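[1] Got a predicted structure plus its sequence, pasted below:
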Amino acid sequence: MTRNAPVMPGVTAPDYDVAQPSDADYVGAFADVTPEEREHQLAVRAFVQDEVLPVIDGYWERAEVPFDLVKRLAELDFLRDGVDVPGRPRISFMGEGLASMEMSRGDGSVATICGVQGGLALRSIVMHGSPEQVERYAEPMARGEILGAFALTEPTHGSDSVSLETTARRTVRDGVEGYVITGEKKWIGFGSCGDIAIVWARLVGDDGDGQVHGFVVPQDAPGYRATTIEGKVALRAIWQAHIVLDDVFVPTDAALPGATSFAATAAVLFATRLTVAWSAVGHATACYEAALAYAKQRIQFGRPLAAKQMVQERLTRMLSLLTQMQLLVARTTRLADAGTLTGEQASLAKYTCTRQAREIAAIARDMMGGNGILLENRVARHFADIEALHTYEGTESMQALIVGRDVTGFSAFA
């Protein structure tokens, strides 16, 4: 997406149209998707082209959440991130993977909004909540009437989130049985501008089991204090929060009955890990598309950049990396749809795709020269957002250790 900026008289500053989809599926990695899956993909693509790309640079630059787009995501049934909600159509893993790819091709913050609201918060309730909790929250969250956060990471516990220090104690307050939650969370999407947070805390006290449990905590509960983290250079159009939980009381029915150990948390993260790999494919696709379109339009030494040998080699390198990513997510997603995908395979997909997305973004940025750092030419925003994608929901190092343990039989986490 390009914008016409004022120029000095007598000076020509060409615009470059680098926002058009190119269907960069060189070997047909997605050729066998069903008509329903393709329809879902193209619906998301249309939303990205018509509603996200025309406005997202401004939101990203101002570090503002596009709440109008959040509303549209809900209206189009994209906000639940493929999570099954009673009464709504089921979306296959492949269909949602393609949707995540298209959403990230538009913008990482918008894709992360779907991932936080649907993939993490809503999924936690649907996967581990009681029938009453599902009935109370699932449909309103799908409609965007209730915005949710997933509060797991702590200021000193990211990769080692199994070592949570946030605690929950059973208590009675004003005659009501419940829990008092105390601790801190950090990097929590929608944690300062949502309605509820799924807080993961260790159950302690005389009748505690020491295990990690999940709780639905209203963000307006007394003692819940959230500060939006400022100064980010990635995912600027979604707010992450530093949360302080100062003896926050929730009633007994706020506990997720199926979330009584860290294994429940891991189950949610496992379900989203492949989505992160798809998002990496989307970011990489955007960078490749922009670089290709730019190379065809940019004239240097009397010829388009695309006619230069070095540029063609770089484009081929990007396409090679992108094709590898596409084949990997297509195969692992079919395993997910068949119910046979392992956590280690999902980790390999995330590890590979985020690494290669970084490389594609770097090549594209360099190839576009100074124009590569302008938001209007897409690559700079994706370049920055991929850095966050590379880290969240399991860093590169953690994914490597998960796969390494599987192939060697030795755990190297300590």
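    Looks like it arrived, so ask away.
[2] Show me this protein divided up by domain.
    Per automatic domain parsing, the domain ranges recorded for the chain read 35-142, 148-260, 263-408.
[3] Same list as before, these that is, but in TSV and with distance to residue 23, mean neighbour count and mean pLDDT included.
    From N, CA and C alone the C-beta is placed, and that goes for glycine too. Shown next, in TSV, are those (distance: least, CB to CB, whole Å; neighbours: other CB atoms under 10 Å; pLDDT from 0 to 100):
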stretch	distance to residue 23	mean neighbour count	mean pLDDT
domain 35-142	10	21	97
domain 148-260	26	19	95
domain 263-408	9	20	95
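[4] Which stretch among these approaches residue 29 most closely?
    Closest approach to residue 29 among the domains of the chain is made by domain 263-408 (3.8 Å; CB to CB).
[5] What separates the first and last residues of that closest one, distance-wise?
    End-to-end span of domain 263-408 (CA to CA, to the nearest Å): 23 Å.
[6] Any chance of JSON lines for the domains of the chain, columns distance to residue 13?
    Below are the domains of the chain laid out as JSON lines (distance: least, CB to CB, whole Å):
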{"stretch": "domain 35-142", "distance to residue 13": "17"}
{"stretch": "domain 148-260", "distance to residue 13": "26"}
{"stretch": "domain 263-408", "distance to residue 13": "10"}
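[7] Which among the ones you listed is found nearest to residue 14?
    domain 263-408 (7.5 Å).
[8] Any idea how far that closest one is from the middle of the chain?
    Counting by CA atoms, centre = their mean, to the nearest Å, domain 263-408 is centred 13 Å from the centre of its parent chain.
[9] What of stretch 21-29?
    22 Å.
[10] residues making contact with it?
    31, 45, 49, 105, 285, 288-289, 292-293, 319, 322-323, 326-327, 330 (CB atoms under 8 Å, 6 or more residues apart in numbering).
[11] where do the strands sit along the stretch 1-150 of the chain?
    148-151 (DSSP state E, counting those that start in this stretch).
[12] residues of stretch 21-30 that come out buried?
    Using 16 or more other CB atoms under 10 Å as the test for burial, stretch 21-30 gives 24, 29-30.
[13] Now do the end-to-end distance for stretch 252-266.
    23 Å.
[14] And for that stretch, what's in contact with it?
    124-125, 127-130, 132-133, 152, 161-162, 177-179, 198, 200, 209, 211-217, 343.
[15] Excluding sequence neighbours, find me the nearest residue to residue 383.
    Spatial nearest neighbour of residue 383, chain neighbours left out: residue 361 (4.3 Å); criterion: CB to CB, 6 or more residues apart in numbering.
[16] my guess is that neighbour meets residue 284, correct?
    Yes: between residue 361 and residue 284 there is a contact at 7.1 Å, judged by CB atoms under 8 Å.
[17] Which residues are in contact with each of those two?
    residue 386.
[18] which stretches of the chain form helices?
    Using DSSP state H, the helices of the chain run over residues 35-47, 56-62, 67-75, 93-106, 108-114, 123-128, 131-142, 262-297, 309-338, 343-367, 379-391, 396-408.
[19] would you turn those into CSV with distance to residue 205?
    Listed next are these as CSV, based on distance: least, CB to CB, whole Å:
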stretch, distance to residue 205
helix 35-47, 46
helix 56-62, 44
helix 67-75, 38
helix 93-106, 40
helix 108-114, 35
helix 123-128, 22
helix 131-142, 23
helix 262-297, 18
helix 309-338, 39
helix 343-367, 32
helix 379-391, 34
helix 396-408, 31
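[20] which stretch among those helices comes nearest residue 15?
    With distances scored as CB to CB, the stretch of the helices of the chain nearest to residue 15 is helix 262-297 (8.9 Å).
[21] could you check the angle helix 309-338 makes with that closest one?
    Here helix 262-297 points in a direction 150 degrees away from that of helix 309-338 (axes from the mean of the first three to the mean of the last three CA atoms, to 10 degrees).
[22] what angle do helix 262-297 and helix 396-408 make?
    Helix 262-297 runs at 110 degrees relative to helix 396-408, counting by the same axes, to 10 degrees.
[23] Run the angle between helix 262-297 and helix 93-106 for me.
    Helix 262-297 and helix 93-106 are oriented at 50 degrees to each other (the same axes, to 10 degrees).
[24] Please state the offset of helix 262-297 from the chain centre?
    Mean-position distance between helix 262-297 and its chain equals 8 Å (CA atoms, centre = their mean).
[25] Repeat that for stretch 113-130.
    That offset, for stretch 113-130, works out to 13 Å (CA atoms, centre = their mean).
[26] Keeping just the C-alphas, turn it into CSV.
    The C-alpha coordinates for stretch 113-130 follow below in CSV (Å, rounded to 0.1, in the frame of the first residue of the first chain):
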residue,chain,number,x,y,z
ILE,A,113,-5.4,-9.9,18.4
CYS,A,114,-7.1,-13.0,16.9
GLY,A,115,-4.5,-15.3,18.6
VAL,A,116,-4.9,-13.7,22.0
GLN,A,117,-8.7,-13.4,22.0
GLY,A,118,-9.4,-16.7,20.3
GLY,A,119,-6.4,-19.0,20.3
LEU,A,120,-5.4,-18.4,23.9
ALA,A,121,-8.2,-16.9,26.0
LEU,A,122,-11.3,-18.4,24.4
ARG,A,123,-9.5,-21.7,23.8
SER,A,124,-8.6,-21.9,27.5
ILE,A,125,-12.3,-21.6,28.4
VAL,A,126,-13.6,-24.0,25.7
MET,A,127,-10.9,-26.5,26.4
HIS,A,128,-10.8,-26.4,30.2
GLY,A,129,-13.9,-24.6,31.4
SER,A,130,-17.2,-25.9,32.8
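[27] Which one of the helices of the chain lies nearest to residue 250?
    For the helices of the chain, proximity to residue 250 was assessed by CB to CB; helix 131-142 is nearest, at 12.3 Å.
[28] what's the farthest-apart pair in the contacts of stretch 21-29?
    49 and 327 (25.4 Å).
[29] on that earlier part again, if we compare the helices of the chain, which one ends up closest to residue 82?
    Proximity to residue 82 (CB to CB) singles out helix 93-106 among the helices of the chain, at 3.0 Å.
[30] which strands and helices sit next to that closest one?
    Secondary-structure packing of helix 93-106 (3 or more CB pairs under 8 Å, 6 or more residues apart in numbering; DSSP states H and E): helix 35-47, helix 108-114, helix 262-297, helix 309-338.
[31] Now render those helices as CSV, adding distance to residue 221.
    Listed next are the helices and strands packed on helix 93-106 as CSV, based on distance: least, CB to CB, whole Å:
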stretch, distance to residue 221
helix 35-47, 34
helix 108-114, 23
helix 262-297, 21
helix 309-338, 36
